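[1] I need the structure of the sequence given here:
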Amino acid sequence: MSIYVGNLSYEVAEDDLKQVFSEYGTVKSVQLPKDRETGRLRGFAFVEMGSDAEEATAIEALDTAEWMGRNLKVNKAKPREDRGSFGGGGDRRGSGGGGGGYNRRY
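    Numbers count the residues shown, from 1 in each chain. Reported below is the predicted structural model:
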C-alpha cells in the first residue's frame, strides 16, 4: 500500500519528500506525477514506506502539517480505478456507450 500526499507545493522535489518521510521509516519509493501537457507537477505525490506501521506513523504525524507554506493532506492511497482504454460514458443500463453522437433505432 502507499500514501497519498496532497496539497503539495509545486516546487517540491522527490528528495524533499524522501527526507521528510524518512523520519518515520524506510522510504521505498516516491512518485510525483506531472501534467502530460505542461510537464508541471500536479500538486500531489505517492510515497511507499517499508511497512504498514511506518505508513500509519507518517500519516498520523504529517496529515494537516504545514510544510513549504501549505497544509498537507496525507492519507492511505486508494486503489487506482480501471478506467478502461478509452472514454465515453455508458448509458443508464451501464452497457458501454459513447461513440459517434447518434443512436440508431430500427
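[2] List the contacts of the helix ranked longest in the chain.
    If you go by DSSP state H, the chain has its longest helix at helix 52-62. For helix 52-62, the surrounding residues in contact (Cβ atoms under 8 Å, 6 or more residues apart in numbering) are 1-3, 5, 20-21, 23-26, 47, 49, 72, 74-76. Yep, even glycine has a C-beta here, placed from its N, CA and C like the rest.
[3] Could you pick out the buried ones from those?
    Buried subset of the contacts of helix 52-62 (neighbour count, 16 or more other Cβ atoms under 10 Å): 2-3, 5, 20-21, 24-25, 47, 49, 72, 74.
[4] Now do the helices in the chain.
    Using DSSP H, the helices found in the chain span residues 14-22, 52-62.
[5] Buried residues in the longest one, which are they?
    Read it as helix 52-62. Neighbour count says helix 52-62 has 54-55, 58-59, 62 buried, by 16+ other Cβ under 10 Å.
[6] just the first one next, same as before
    Applying a neighbour-count criterion of 16+ other Cβ under 10 Å, the buried positions in helix 14-22 are 16-17, 20-21.
[7] Between the residues you listed, which sits nearest Gly43?
    Nearest to Gly43 among these, counting by Cβ to Cβ, is Leu17 at 12.7 Å.
[8] OK, contacts around that closest one?
    Neighbouring residues of Leu17 by Cβ under 8 Å, 6+ apart: 5, 27, 30, 32, 45, 47.
[9] at 10 Å what do you get?
    Leu17 makes contact with 3, 5, 8, 27, 30-32, 45-47, 67, according to Cβ atoms under 10 Å, 6 or more residues apart in numbering.
[10] Drop anything exposed from those.
    Among those, those scoring as buried are 3, 5, 8, 27, 30, 32, 45-47, 67 (criterion: 16+ other Cβ under 10 Å).
[11] Give me the below-cutoff pLDDT ranges for this structure.
    83-106 (pLDDT under 70).
[12] The same query, at a cut-off of 90, please.
    Applying pLDDT under 90 to the chain flags residues 1, 79-106.
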